[in-house]
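Student: after the sequence you'll find the predicted model.
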Amino acid sequence: MSEATAKRHMGLKTSRAISNTAIHVLLIVISIIWLIPFVCIVLQSFRVENTGPVGYVVPKIWGTDNYVRLFDTDFPRWYTNTFICALATAVLQTIIVLCMSYTLSRFRFKMRKPLMRFMLILGMFPGMLSMIILYRVLKDLGLTQANAVPGLILVYVASSGMGYYVSKGFFDTIPMSLDEAARVDGATRAKILYKIILPLSKPIVIYTVLTAFMGPWGDYVFARYIAFGTSAGKNVAVGLYDWLNKDQISNCYTMFCAGGVLVALPVTILFLFLQKYYVEGVTGGAVKG
Amino acid sequence: MSQLSDLEYLRLSGWQKFGYKLGRFFTGIPGAIGHFFQKIGRCLGRGCAAVGREIADIADTFIHGDWKTKLSFFIMGFGNIARGQVLRGLLFLLFEIVFIAYMVLSGGYWLSMLPSLGLVGPTEEYNEILDAYTTTYHDNSFQILLYGVLTIFFIIAFIYTWRVNVRQNKIAEKILASGKKLKSGKDDLRSIVDDQFHKTLLALPLTGIFFFTVLPILFMILVAFTNYDGTHNGYTNSLFTWVGLDNFNTMLSWAGGSGGSQSYAATFFEVLLWTLIWAFFATFTNYFLGMFVAMAINKKGIKFKKGWRTILVLTIAIPQFISLLYVSKMFAKNGIINGFLLDMGWITQAIDFFGDASRPWLARVTVILINIWIGIPYLMLITTGILMNIPADLYESAKIDGASGWQQYRKITLPYMLFVTGPYLLTSFTGNMNNFNVIYLLTAGAPTNAAASSAAGSVGYTDLLITWLFKITTGAESKYYLASVIGILVFVVVALISLIVYNLLPSIKNEEDFR
C-alpha cells in the first residue's frame, strides 16, 4: 500500500468516525424528543400539588392521589367497556379478516376481481359517513348509550373484512403446491385451511389479533357517536377526552395523565413482546400495497 | 467530468420522462373520457345482450322442460324436490315463502312510500281522556328510506335466486337424460366445506360489509338528495323528503350567506385546499424523514440498532388519543412548551399555537410538525425492511464508479424506494386526507374561521374535510344532508387522485423493473 492511499484510507476512516458520532448524537436527540411526552405524562400523573395543566414538568409534591381518585370516577367502568370491546373485536375481527384474505388469496372464482375492485372503491368513501345511519339503527335496536359495548363491537367487527390486504399478502407467499398436494391426498378445502395453512400462519394471526385489539383500544370517533354523552357507555378515549374540556381540565388534568398511563401500559407491554410480528406485518403490508 | 454529465443527463431525462408522462396523461384525458363512454356503451350493449340471452334461455327452459320444470317456475324448488334433491328444494321453497310473506306484510308499503318518503308527519291531537294535546307519530322517513333500499336489494336477490332455480332444473334434466345421477343432499353438504368453500368463508364477512358499509354508504348518498337534518329527522319532529340537487347547489354556490358570512363554496374550497396541502406534507415529510432515520440506524458502525428501533416502535404502541391529546396540551398557552420557552427567555409572551385566528399558518405548520413526530416510527419500520432488500452489489458497483453518498441515494436508494412504495404512498396520501385523529385530537379544527358561515358547523383553519363532516353531524343543526354532500365530494377527490396517480405509477405498469 502506497503512502498516499494509506493516508486516504485514514482520512476515510476518520470521516466515517465523525459521521458515525454525529449520527449517534442525532439518534440520542431523536430518542429524547420521542420519549419526552411520555416521560412527562408519567411524571405529571404523580403530581399532587396542582391538578390542572402547569408550565413545569417535575412535580413538587409526589403522590399517587391521582390514581386513587380515578376509582371514584366512572373510569373503571370505561376501562372495562374498552377492554371487553377490544377483546371481542380482536377475536371476531381476526376470524373475519382471515376468512376474507384466505379466500381472496387461495381461490380463483368468477367474482374475485370485481369483488376486490368494488371493495377498493368502497374504501374511498369516508367511513365516518356511515356512522350517522348506523347510530340511528343501533339506537332503534337499543344498542347505544348505556348498552354501547355490544353495539360498538358490532360496528368494529362487521366491516373489518375490508382490511384484508396485509394478510392476503401473507397468504400469497405460501406456495400453492402445498394445497395441491393435500388435494391429491383427498383433503377437503376446509381441512387444508385448518390443518395446513393455519399452522403456517402464526405471524399473520398474531399481527391481526394485535392490530384488531389496538383499534378499539384507542378508538375515539365511533365510540363518541355510539356512547353519545352517556357516561356508562363511554370508552376510555371518549371519557379521557371529556376530562380535558375547558370546565373540567383544571380538576382532571393530572387524572387524565394517570388514566393515560393505565391505558397505555397493557398495550405497551403486549407490544414489547409481539413487536417482531407487528414489524413483519407492517413491512409486508407496505410492500405489497 | 464526463461521468457526471452523464449522471446529470440521466437526472434530467428522469424529470423529462415524468413531465412527458404527466403531459401525456392530461392530453390523454379527452381520449380517455371518450374511451370511458365507449366502454360504458359496450358494457351496456353486452349487458343487454346478456339479459336477452337469459330471457331466451328461460323461455327455452319453459317450452322444452317437463312438467316438473314448468311447475318450478311458480313453486321454486319443486323440481329439485321431485327429482330427489330435497335439501336444495326446501331451501328454494323457504326463500320464496319468506319473500312473498315479506313483500305482502311490509315490503310493499316501504316500496310504495319510497318516492314520497312518507305522507303524514307527526300530528298533535286533543285527547279527551287525558285532557291534553298528545303527539301521534305516523310515517317514518328514515325507516322508509332504509327499508325501501333494503327491499329493492331483496327483490334483486329474489330474481337472482329464481333464475338459479330455473337453471338448476334445466341442468338436472340434462344430467338425468344422459343417465347420470344427481348430487344428493350429502354431496351438497360436503361441497360447503370443499368445492364451494370460498362461498362459506365469504358469507359472514360479506354480510357484515353489506349491512355496515354498502347499505349505509348507499343510504348516505341518497340522503344528499334529501333535506334530512336535525329539524327534519323524519319521525319525531318532521318528515324529510327529496330535494333533488339543491344541496349540491348550496355547497357549490359562491353566493355569500346571511350576516355577510362566506359562501359555502368558498369555505369548501378553502378546506379542500388545506386538506390537500396537509395530505401532501404529512405524507412526504414523514416519508423522507422516516427513511432518513431508518438509514441512519441501518448505517454500518451504528451501535444499539435494535435499541433505537425499539424506542421508536414503542411510541406506536401508546394509543394515539393519549399522545395526541397530551401533546396538544403541551402546546397550549399555559402548557409545557410555552413554560419552557418563557423560562429560557426566548419569548416574552406565551405563543397561542392553536388559538390565534390571525395566524392560521402557525397552527397549520405546528400540526404538520407534530404529525412528523407521530409518523416517523411507522415509516422507519416500513422503510427499514425495504432498505435491507436493496441488492448490495448495486452500491458496490456505484462505489467503484466513484459515486458519492448523495449520488448513491439519488440514483439507487430513492428510485428503488419510490418504485416499491409507490402504492403505499398513494394509500397513505388518501389516508392522510381522511386523517381524523391527528387533526381532531390535536386542535379540533381550531383556530375557528370566523368568516365561514356558522350554519356550516363553525369550521376552523386546521379542519380537514373529514373533521368538518364530523362537526356538521354532531353540531347543533345536524345538517346530515350537507355532511353527505361533503362525503360524496371527498370520494370524488380521492377517486380522482387515485386514478391519476395509478396512471403515473411505474410499479403498476412495469412490474418487472427492479426484479
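Tutor: Perfect, I can see it now. Given the structure is predicted, the values throughout are model-derived calculations rather than measurements.
Student: okay, and for the chain, where does confidence drop off?
Tutor: Here I'm looking at chain A. Under the criterion pLDDT under 70, the flagged ranges of chain A are A:1-12, A:285-289.
Student: that was the other one, I meant chain B.
Tutor: Chain B contains residues with pLDDT under 70 at B:1-25, B:256-261, B:453-457, B:505-515.
Student: let me see the domain layout of it.
Tutor: Described in terms of automatic domain parsing, the domain architecture of chain B consists of the residue ranges B:1-62, B:67-244, B:258-508.
Student: chain A: which of the ones you listed is closest?
Tutor: For the domains of chain B, distance to chain A was read as Cβ to the nearest Cβ. The smallest value, 2.3 Å, belongs to domain B:258-508. Every C-beta, even on glycine, is put in place using the N, C-alpha and C of the backbone.
Student: nearest residue to A:Leu193 other than its sequence neighbours?
Tutor: Closest residue to A:Leu193 apart from its sequence neighbours, by Cβ to Cβ, 6 or more residues apart in numbering or on different chains: A:Tyr102 at 6.5 Å.
Student: contacts only, for that neighbour.
Tutor: When contacts are counted by Cβ atoms under 8 Å, 6 or more residues apart in numbering or on different chains, A:Tyr102 is found next to A:167, A:171, A:193, A:197, B:201.
Student: which ones among the residues you listed map onto helices?
Tutor: Counting by DSSP state H, the contacts of A:Tyr102 place A:167, A:171, B:201 in helices.
Student: which of the residues you listed sits closest to B:Leu215?
Tutor: Here the nearest of the ones in helices among the contacts of A:Tyr102 to B:Leu215, counting by Cβ to Cβ, is B:Leu201; it sits at 21.5 Å.
Student: give the contact list for the closest one.
Tutor: Listed by Cβ under 8 Å, 6+ apart, the contact set of B:Leu201 reads A:99-100, A:102-103.
Student: any idea how far A:Met176 is from it?
Tutor: B:Leu201 sits 17 Å away from A:Met176 when distances are taken as Cβ to Cβ, to the nearest Å.
Student: same question for B:Lys399.
Tutor: The gap separating B:Lys399 from A:Met176 is 41 Å, by Cβ to Cβ.
Student: same question for B:Gln196.
Tutor: Distance from B:Gln196 to A:Met176, counting by Cβ to Cβ: 19 Å.
Student: next, the contact list for B:Lys471, please.
Tutor: Residues in contact with B:Lys471, defined by Cβ under 8 Å, 6+ apart, are B:445, B:457-459, B:463.
Student: do the same with B:Leu145
Tutor: B:114, B:117, B:219, B:222-223, B:226, B:234.
Student: again with B:Phe429
Tutor: Listed by Cβ under 8 Å, 6+ apart, the contact set of B:Phe429 reads B:279-280, B:283, B:497, B:501.
Student: so which helix or strand takes in it?
Tutor: B:Phe429 is part of helix B:414-433 when elements are defined by DSSP states H and E.
Student: please name every helix or strand in contact with whatever helix or strand comes next after that helix.
Tutor: In the C-terminal direction, the helix or strand that comes right after helix B:414-433 (DSSP H and E) is helix B:436-442. In this structure, helix B:436-442 makes packing contacts with helix A:221-227, helix B:320-330, helix B:360-389, helix B:465-474, judged by 3 or more Cβ pairs under 8 Å, 6 or more residues apart in numbering or on different chains; DSSP states H and E.
Student: okay then, goodbye and thanks.
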